[in-house]
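> following is a predicted model, sequence given first.
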Amino acid sequence: MTREPPISTVTPPPRLYRAPEHRMAAGVAAGIADHLGISVLRVRVAFMVLLGLSGLGLLLYAAFWAVVPLRPGDTAVPPRRDVAQLLPFVGIGLGVLLIQVMVFDSVGAAGTAGWLVAIIAVGAGVIWHQSAPERRRQWGEAMPVPWLGAVVEESDRRAFVLRFIGGGVLVAVGIIGVAAVYSPAQNFDAVINGVIFALVGLAGVGVVAAPVLWRTYSQLRSEREGRIREQERAELAAMVHDQVLHTLALIQRNAGDVKMVQRLARGQERSLRNWLYKPTASPSERFAAALEQAAAEVEDTYAITVEAVVVGDRETDEKVGALVAAAREALVNAARHAGVLTVSLYAEVEPDQVSVFVRDRGKGFDPDTVEDHRHGVRGSIIGRMKRHGGRAEIRSGPGEGTEVRLILPISRDSSAAERNR
Amino acid sequence: MAEQSTEHLDPADARPERLRVFLVDDHAMFRAGVRAELGAHVEVVGEASTVAEAVTRIAAVGPDVVLLDVHMPDGGGRAVLEAMRRTHPQVKFLALSVSDAAEDVIGLIRAGARGYVTKTISPDELAAAIRRVADGDAVFSPRLAGFVLDAFAARPDAPVADPELDQLTNREREVLRLLARGYAYKEIAKELFISIKTVETHVSNVLRKLQMSNRYELSRWAADRRLV
């Protein structure tokens, strides 16, 4: 910290501070006088006059002391609220209370005393929150009793909840106690009135404390957001490094091999797309994820593009797993025999059936002339679908491409259960 | 405006004339690539790399079709569409993006694009798509058809605000299914025993429904998938 005032082209709006110099008690009067540009004496006289109105001046003074910070910048050490400065203030307060007790009745004095204590407590809380965590820790260590430190220290969430509940119980007991003491069972209305006024008082305390709480909360939130952003950036950087740069290096090394380059680029594109757009799901649990994984494997193995469109989703079971396996076999067939670079895969989950279509625009063949040794079609597709209660149709003709249609009816019960999940 | 004269000619007369195409993309390399690939099929009459540049240049040049990138600074293709749609309804927009995420595709179509293709498309297919868009057809990729089916069909229990306007007819859904299965318009017509023109009408109706309404269902759909 330098002693010079900060260089700035814009004059900041004047803020109210307590003046550290020419002060008698806590510097409130001097600060207000500075701020308003009037003499200190007038402010002090005003406070004295207000003192007569059942201690209002004192209340105001305490309130200002609680919420107005000491003017910073003039001292190298951050200003401390010097407790010794408050001694004359406490003396004045006691004097006022004494006068009130002697001149008026004791009830008014007790009210004033209560307000004073409340305001000072709030002020102490405000100071506690505004103070730096480091200094707070020092205070905590300086606490004579260890558990007191545990009570005032901000710790984990469970402690916070416990404290919240404990505080709530204390407040409730206090309100009821105040009501009982001040109107000892005269009638029920008096008790209710007492409670209502106590609640009003609490609301006031809440209004005073709200900005501080809100500021603390928003600080915490922005800090957490920053941390999350940083984490995401790190994750992205790691992903780009591990995958994209790696793939680009491989492509440079295999620049002559067109198939290899296409396979690498396609795989990388898919993984980036998934990373950017796809919600993650486990292929062992969800139908769409399983189908897309199968399509990705075929793409990688045979260096073709599978244009996958999946409408709807459901959980997998044995039958659905068989459907995925049959679809995978159909994709492999298309990749191996059709002689094309692109295969369409369309799947739709309807309430009463799941259907998958695998289509290519390649050579095609005449289904009637499929020889018996072609187990791929007969066993892995048609037979598998039949075994699991579904059916498979193969439509093809020489030069027309091939479409494999896989349809798996699902019972109403399981689909209803799936929807209501 | 002389540029619009092709609009008033008979299609037979307009055919030989090369389509006037405008490129909007913030990557100069990509624009150069598209220009080189498309040069044989269409006439590239202008380029723009920002939204503001695109809006002023398109208004000045008056192309038949604008190839529009989705992701650009300052609002992307959607901002261009929204700025141009009312003032220049005769200009057709075809979105050309590297992204095939549902929110990008649906967003652009709802803003008024007549089609959506991804940047992995081959030059011949791109030229065909431009021709179809210029002729007033919609260009539906299988993936886009899947998104629409997902939005309309996969939620039979969703509340529908205006059934007449919002729901796809069975026939339209049928056409979309075949589109999603990778069928061309011609093959769909053959499969369903209808004319190609009817297929095109169905697809245009789907596009119109997608643009006009079903705000509730679409927004719910998007929200369910955490797209918005």
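The structure has been received and is ready for your questions.
> what about residue 206, neighbour count?
Assuming you mean chain A. 11 (other CB atoms under 10 Å in any protein chain shown). Every C-beta, even on glycine, is put in place using the N, C-alpha and C of the backbone.
> actually chain B
With other CB under 10 Å as criterion, B:Val206 counts 25.
> go ahead and confirm it touches B:Thr169.
No: using CB atoms under 8 Å, B:Val206 is not in contact with B:Thr169; the gap is 9.4 Å.
> for chain B, longest helix please?
For chain B, the helix with the greatest residue count under DSSP state H is helix B:196-212.
> tell me the mean pLDDT for it?
Throughout helix B:196-212, pLDDT has a mean value of 81.
> next: stretch A:236-249.
Per-residue scores along stretch A:236-249 average to 82.
> with stretch A:335-347 instead?
Across stretch A:335-347, pLDDT averages out at 87.
> in that stretch, what counts as buried?
Within stretch A:335-347, the residues that count as buried by 16 or more other CB atoms under 10 Å in any protein chain shown are A:335, A:337-338, A:340, A:342-347.
> can you give me the end-to-end distance of it?
Stretch A:335-347 has an end-to-end distance of 18 Å (criterion: CA to CA, to the nearest Å).
> if we look at it, which residues are touching it?
A:287-288, A:291, A:295, A:298, A:301-302, A:304-311, A:327, A:331, A:334, A:354-365, A:401-402, B:142, B:146, B:177, B:180-182 (CB atoms under 8 Å, 6 or more residues apart in numbering or on different chains).
> ok, of the residues you listed, which come out buried?
A:287-288, A:291, A:295, A:298, A:302, A:304-311, A:327, A:331, A:334, A:354-362, A:364-365, A:401-402, B:142, B:146, B:177, B:180-182.
> now do the strands in chain A.
A:305-311, A:342-349, A:353-360, A:391-397, A:401-409 (DSSP state E).
> can you lay out those as CSV showing distance to A:Ala29?
Below are the strands of chain A laid out as CSV (distance: least, CB to CB, whole Å):
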stretch, distance to A:Ala29
strand A:305-311, 75
strand A:342-349, 77
strand A:353-360, 81
strand A:391-397, 93
strand A:401-409, 86
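> looking at the buried residues of stretch A:335-347, which one is closest to chain B?
A:Ser344 (2.9 Å; CB to the nearest CB).
> for the closest one, list each beta-bridge partner.
Applying DSSP bridges to A:Ser344 gives these bridge partners: A:Glu307, A:Arg359.
> at contact distance from chain B, anything in the helix ranked longest in chain A?
The longest helix of chain A (DSSP H) is helix A:188-239. No: using CB under 8 Å from any CB of the partner chain, helix A:188-239 stays clear of chain B, with a minimum separation of 15.7 Å.
> put the alpha carbons of stretch A:288-300 into CSV.
Taking C-alpha atoms only, stretch A:288-300 is exported to CSV below (Å, rounded to 0.1, in the frame of the first residue of the first chain):
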residue,chain,number,x,y,z
ALA,A,288,-29.3,-45.3,-28.8
ALA,A,289,-25.9,-45.2,-27.2
ALA,A,290,-25.3,-48.9,-28.0
LEU,A,291,-26.4,-48.5,-31.6
GLU,A,292,-24.1,-45.4,-32.0
GLN,A,293,-21.3,-47.3,-30.5
ALA,A,294,-21.8,-50.2,-32.9
ALA,A,295,-21.9,-47.7,-35.8
ALA,A,296,-18.7,-46.0,-34.6
GLU,A,297,-16.9,-49.4,-34.5
VAL,A,298,-17.9,-50.2,-38.0
GLU,A,299,-16.8,-46.7,-39.1
ASP,A,300,-13.4,-47.2,-37.6
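> tell me which residues are up against that stretch.
A:263, A:266-267, A:270, A:281-284, A:304-306, A:308, A:310, A:312-313, A:316, A:320-321, A:324-325, A:327-328, A:331-332, A:335, A:345, A:347, A:349, A:356.
> close to chain B: what parts of chain A are there?
So far as CB under 8 Å from any CB goes, chain A lies against chain B at A:269, A:273, A:276-277, A:279, A:305, A:307, A:309-312, A:344, A:346, A:348-349, A:351, A:357, A:359, A:361, A:403, A:419.
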